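1. I'll drop the sequence and a predicted model, then ask my questions.
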Amino acid sequence: MLLFLSKSNGLKTNLPDPIKLEQHGYATKEAVLISLKRAVSRYSMLQADDGHWPGEFAGTLFLLPSLIVALHVTRSLTTVLTSEHQKEIRRYLYNHQNEDGGWGLHIEGTSTMFCSVMNYVALRLLGEGLDSHGSMLQARSWILDHGGATLTPSWGKFFLSVLGVYDWSGNNPLPPELWMVPYFLPIHPGRMWCHSRLVYLPMSYLYGKRFVGTTTSIVQDLRNELYTVPYNEIDWDKARNGCAKEDLYYSHSPLQDIVWATLKKIGEPIFLHWPGSNLRKRALDNVMKHIKYEDETTQYLCIGPLNKMLNMICCWVEDPNSEAFKLHVERIYDFLWVAEDGMKLKSYNGSQLWDTVLTVQAIFATGLTKEFPHTIKLAHDYIKRSQISANFPGDQTKWHRHISKGGWTHSTADHGWPVSDCTAEALKAILLLIKLPPKLVGEPMETSRLDDAVNILLSLMNDDGSFGAYELTRSYEWLELLNPSESFGDIMIEHSYVECTSSVIQGLVLFREMYPKHCRMEEIENCIQKAADYIESIQRSDGSWYGCWAICFTYGTWFGVRGLIAAGRTYKNSQAIRKACEFLLSKELLPLGGWGESYLSGQYMVYTNLEGNRAHAVNTSWAMLALIDAGQVILFL
Ligand SMILES: CC(C)=CCC[C@@H](C)[C@H]1CC[C@@]2(C)C3=C(CC[C@]12C)[C@@]1(C)CC[C@H](O)C(C)(C)[C@@H]1CC3
């Protein structure tokens, strides 16, 4: 794709030659300028003709198998995926198999039962034999040596049950009735983090129905291949809480085990038999309505690929010939991406908007906007087109949706889920673009649409001045005690993030600068100051901020510093900024210069250098940007 774009956009021939610095040589102003010109020029070649920059957004290794299982049980594998698709998918899965035979949660991760089982199953459903290239044998040995598929965490157990290679009684209950409890209860699913509630929503439908796909011969084979004891001798009740140690990131609290056991032993028998079964039926109808609302308001993309695959199965279970199922199938292709390592499923329908607005800001930072008007105009059009122009129909609170009008998603307008920082960064880009002549970069966005953007940003502030990604925080931290997922932490409620809070501050500060007389200035002012106080309040004692959405402390600390500086605090008057600079300097890799942070920082919440103490361009840039923002870098250019 990228090769294709760079060819079709045409190679620019009038570029200066690349600059090679002598070792220890100084980068002169001219050298920097030439490098920037070459970089922006190269980057503009990679722009798609609708103005965004296509990019891979993959790496999670349980997503492709969810597609393959969904297609298998809906009997549409070969109609949706051509043999070439399937070949490329197999190539991807083999390419990311670890040397020990298993698969990690993501392409750099050590092997887990969840992904080893899921990818093994996916390969078998894609026609691989038991001993293809020896890799399948190795994969199977990994699974059996580590205790077999009864130790798959709950999400894996769920998919295996749908496929028919694991008994539903070996799952903890996912009662659809939960959606009918009064909303004031903190456990109402409408109060959960949107990603989790939208994954558990279709899961509760399929669980409530105990749906199992057809027992094909490959399903029967898998029953014999995945376990250390014969399938009909498995103690399913014992298997319910089993989890391999390699997968246990978040263990069940004792409270949770009591809740599941009670629901299993008392709740489920009631819902499965008359008159309780009437309630189950009503609960399933209600859940299906929520599923349809999510499908229709996202044009069948859904908030993420996992709930998309699950919703698609639900639509098929309801009616295999339904329009809804066909519409789902059409949008599977939005998630596929092919690269040198094979074909994968993206972790979202993409990062189109995010990449485009950050690119526009980056080009602005180079000071070269006038040299790339065409690129900027195309990007401008894309950003304008991608703003969500209306709230979704009906009473949004009934569907537990926040307002969406005026927001931007991480990807495309169709996706329909605005994100606070995507909105703020898009607003920043749009405001920068307003400063350029329309003749060069196109008409500026109407002010009413800027107002809408500001409105949604203000509506997303929590009482403590913080911002989550998609919604206000709707429940309590202690709900994490009921996190059933084993593999993922902090998934029960929407949390607040330094990144989102900082982006919103920056967006509103730029808006305030350009529209100082705006009628909501008092609210804007209040929001900026409260958000900055919040950022200070969550700084860690070593001066860093934990970044959730990239790697990790260098990212978070960059946002922390930027937010505080934008809000008017300085190195001189803010101890938080001084401590942040000290933190960053303490992590610089000497004598090399530069920063290099591993993804393990995020996992263990402790700053971890990259293997071999290598520096990484991206972490180095974030750290440098934070230090420059804080006024701690003297530029000799
Ligand atoms: C376990 C499940 C449900 C898998 C789907 C993965 C999603 C939950 C992830 C994939 C991409 C992801 C990390 C993302 C985000 C949230 C969680 C996502 C959607 C957001 C939108 C949160 C806010 C961030 O600042 C930023 C905009 C960078 C990211 C983008 C990717």
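-> Yes, it's here.

2. per the annotation, how does the chain divide into domains?
-> As assigned by automatic domain parsing, the chain contains the domains 63-244+255-345, 353-448, 497-637.

3. dump those domains into a markdown table; add mean neighbour count as well.
-> C-beta coordinates here come from the backbone N, C-alpha and C atoms, glycine included. Converted to a markdown table, the domains of the chain look like this (neighbours: other C-beta atoms under 10 Å):
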| stretch | mean neighbour count |
| --- | --- |
| domain 63-244+255-345 | 19 |
| domain 353-448 | 20 |
| domain 497-637 | 19 |
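
4. CSV please, covering those domains and showing distance to Ala31 and mean pLDDT.
-> CSV is the format used below for these (distance: least, C-beta to C-beta, whole Å; pLDDT from 0 to 100):
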stretch, distance to Ala31, mean pLDDT
domain 63-244+255-345, 32, 97
domain 353-448, 14, 96
domain 497-637, 9, 96
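
5. go through those domains and name the closest to Asn14.
-> domain 353-448 (11.0 Å; C-beta to C-beta).

6. now look at that closest one and say if it contacts the ligand.
-> Yes. Interface with the ligand: domain 353-448 contributes 354, 410, 419, 421-422 (C-beta under 6 Å from any ligand atom).

7. want to throw those residues into TSV with secondary structure?
-> Below are the residues of domain 353-448 next to the ligand laid out as TSV (DSSP: H, G, I helix; E, B strand; the rest coil):
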residue	secondary structure
Trp354	helix
His410	coil
Val419	coil
Asp421	helix
Cys422	helix
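
8. could you tell me how many residues sit around the residue of the stretch 1-150 of the chain found nearest the ligand?
-> Residue nearest to the ligand within the stretch 1-150 of the chain: Thr60 (6.2 Å; C-beta to the nearest ligand atom). Thr60 has 21 neighbours, counted by other C-beta atoms under 10 Å.

9. pretty sure Leu64 contacts Ala122?
-> Yes. Counting by C-beta atoms under 8 Å, Ala122 is a contact partner of Leu64 at 6.1 Å.

10. shared neighbours of the two, anything?
-> 89, 93 (C-beta atoms under 8 Å, 6 or more residues apart in numbering).

11. using the three-state scheme, assign Ser485.
-> For Ser485, the assignment made with three-state DSSP gives coil.

12. surely it meets His252?
-> No. Counting by C-beta under 8 Å, Ser485 stays clear of His252, with 9.6 Å between them.

13. looking at the stretch 501-637 of the chain, which residue is nearest the ligand?
-> Residue of the stretch 501-637 of the chain nearest the ligand, by C-beta to the nearest ligand atom: Trp549 (3.8 Å).

14. report the separation between that residue and Leu427.
-> Going from Trp549 to Leu427 by C-beta to C-beta, to the nearest Å gives 18 Å.

15. next one: Leu163
-> As judged by C-beta to C-beta, Leu163 and Leu427 stand 44 Å apart.

16. swap in Leu610?
-> Using C-beta to C-beta, Leu610 is found at 34 Å from Leu427.

17. please apply the same query to Ala362.
-> Applying C-beta to C-beta to Ala362 and Leu427 gives a distance of 16 Å.

18. cool, Met118 as well?
-> Distance from Met118 to Leu427, by C-beta to C-beta: 39 Å.

19. same deal with Ser475?
-> Distance from Ser475 to Leu427, by C-beta to C-beta: 28 Å.

20. go on, His402?
-> According to C-beta to C-beta, His402 and Leu427 sit 17 Å apart.

21. one more: Gly276?
-> Taking C-beta to C-beta, one finds Gly276 at 50 Å from Leu427.

22. skipping adjacent residues, who's closest to Asn455 in space?
-> Leaving aside its chain neighbours, Asn455 sits nearest to Gly406 (5.6 Å; criterion: C-beta to C-beta, 6 or more residues apart in numbering).

23. what's the one you found sitting at in phi/psi?
-> Backbone torsions for Gly406, taken as degrees, to the nearest 10, come to phi 90, psi -10.

24. that one touches Leu458, doesn't it?
-> No. Using C-beta under 8 Å, Gly406 makes no contact with Leu458, being 10.3 Å away.

25. mind checking the SS state of the residue of the stretch 501-637 of the chain closest to the ligand?
-> Applying three-state DSSP: Trp549 is coil.

26. I'd say it and Trp558 touch.
-> No. Using C-beta under 8 Å, Trp549 is not in contact with Trp558, being 11.9 Å away.

27. what are the buried residues along stretch 29-48?
-> Across stretch 29-48, burial judged by 16 or more other C-beta atoms under 10 Å covers 31, 33-38, 40-41, 43-48.

28. for the closest residue to the ligand within the stretch 351-500 of the chain, which non-adjacent residue is closest in space?
-> In the stretch 351-500 of the chain, no residue comes nearer to the ligand than Ala469, which is 3.9 Å away by C-beta to the nearest ligand atom. Excluding the flanking residues, the one nearest Ala469 by C-beta to C-beta, 6+ apart is Val419, at 5.2 Å.

29. just to be sure, Leu458 is in a helix?
-> Yes. Applying three-state DSSP, one finds Leu458 inside a helix.

30. where's Tyr205, which helix or strand?
-> Assessed by DSSP states H and E, Tyr205 sits inside helix 194-209.

31. same for the next helix or strand after that helix, what does it pack against?
-> Downstream of helix 194-209, the next assigned helix or strand under DSSP H and E is helix 217-225. The contact analysis (3 or more C-beta pairs under 8 Å, 6 or more residues apart in numbering; DSSP states H and E) places helix 217-225 against helix 113-125.

32. give me phi/psi at Val461?
-> Quick fix: residue 461 reads Met, not Val. Phi and psi for Met461, reported as degrees, to the nearest 10, are phi -80, psi 130.

33. in terms of pLDDT, where does it sit?
-> We note a pLDDT of 98 for Met461 in this prediction.

34. repeat that for the one 3 residues further on.
-> Here, the pLDDT recorded for Asp464 equals 98.

35. I'd assumed Ser496 was in contact with it.
-> Yes. If you go by C-beta under 8 Å, Asp464 and Ser496 touch, sitting 7.5 Å apart.

36. shared neighbours of those two, which are they?
-> Tyr534.

37. higher neighbour count, these two?
-> Each of Asp464 and Ser496 has its neighbours counted (other C-beta under 10 Å); Ser496 has more, 23 against 14.

38. for the nearest residue to the more buried one once chain neighbours are set aside, what are its contacts?
-> Spatial nearest neighbour of Ser496, excluding adjacent residues (C-beta to C-beta, 6+ apart): Ser466 at 3.3 Å. By C-beta under 8 Å, 6+ apart, Ser466 lies in contact with 473, 496-497, 501, 531, 534, 538.
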